[in-house]
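1. only geometry, no sequence info:
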Ligand SMILES: C[S@@+](CC[C@H](N)C(=O)[O-])C[C@H]1O[C@@H](n2cnc3c(N)ncnc32)[C@H](O)[C@@H]1O
């Protein structure tokens, strides 16, 4: 772990001492379970505060009023479990949907230890997405191309849920491809953890008339 990164990330996020301790617990859990569950890319563990914690925390600032969040394909809880830990004191609650049972075991245990307001759902997105209408924000990192993300989240994005999807340098190509199937109202927010990355913020969605 790089301590300067930890201090910088926590100072920028302005979290309480209790929240910082819970994030420390999350990082400790990630390190403990990584050898057995292979939760994140092994190389990224040396930069966990910038690559994962800060990368997740930046989403909170993009929807400061949101209270209910849905994270799809949570994996090791990025961004969803981190958002639940950091957003706890402002009343944030997060639903995590993940199809891999071993990852769900990690999520459940770590949510309990960190007292995070997170509910873990071991299910496939396509089977359960319809149950999450009314959620303030749906997010997903490193899960699927925009076209697939929009297809999964269509019922939510068409009814007022905001979408936040961290993306890499191919974001424009993904949006162009998605534009063939959807009319997407979005903006691109620069990522604070990677100069080439963007967060796609979707505020409305419609199917084009010729579909
Ligand atoms: C590449 S990982 C990304 C994990 C995490 N979001 C991150 O950024 O580190 C994608 C995750 O999505 C899960 N996943 C893929 N397809 C899914 C589906 N249809 N329903 C639920 N989970 C799915 C996988 O099991 C995996 O844990």
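-> Good, I have the coordinates. This structure is a prediction, so every number in the text was calculated from the model and none was measured.
2. List phi and psi for the spatially most central residue of the chain.
-> Centroid check for the chain by C-alpha atoms, centre = their mean gives residue 79 as the closest residue, at 3.0 Å. Dihedral pair for residue 79: phi -90, psi -10, per degrees, to the nearest 10.
3. Give me the helices and strands touching the helix or strand harbouring residue 60, please.
-> Using DSSP states H and E, residue 60 sits in helix 55-62. When contacts are defined as 3 or more C-beta pairs under 8 Å, 6 or more residues apart in numbering; DSSP states H and E, helix 55-62 packs onto helix 3-13, helix 80-87, strand 162-167, strand 198-206. Where C-beta positions appear, they are placed from N, C-alpha and C, glycine not excepted.
4. Deepest in the core, which of the ones you listed is it.
-> Comparing the helices and strands packed on helix 55-62 by mean neighbour count (mean count of other C-beta atoms under 10 Å), helix 80-87 ranks first with a mean of 28.
5. Give me the angle between it and helix 55-62.
-> 60 degrees (axes from the mean of the first three to the mean of the last three C-alpha atoms, to 10 degrees).
6. contacting residues around helix 80-87?
-> 13, 15, 19, 22-23, 26, 52-53, 56-57, 59-60, 69-71, 74, 92-96, 107, 110-111, 114, 116-118, 139 (C-beta atoms under 8 Å, 6 or more residues apart in numbering).
7. just the angle between the helix holding residue 60 and strand 198-206, please?
-> Using the same axes, to 10 degrees: helix 55-62 against strand 198-206 is 50 degrees.
8. what is the rounded mean pLDDT of helix 55-62?
-> For helix 55-62, the mean pLDDT works out to 96.
9. for stretch 12-20, same thing?
-> Stretch 12-20 comes out at a mean pLDDT of 95.
10. what's the first-to-last distance across it?
-> Terminal residues of stretch 12-20 are spaced 12 Å apart (C-alpha to C-alpha, to the nearest Å).
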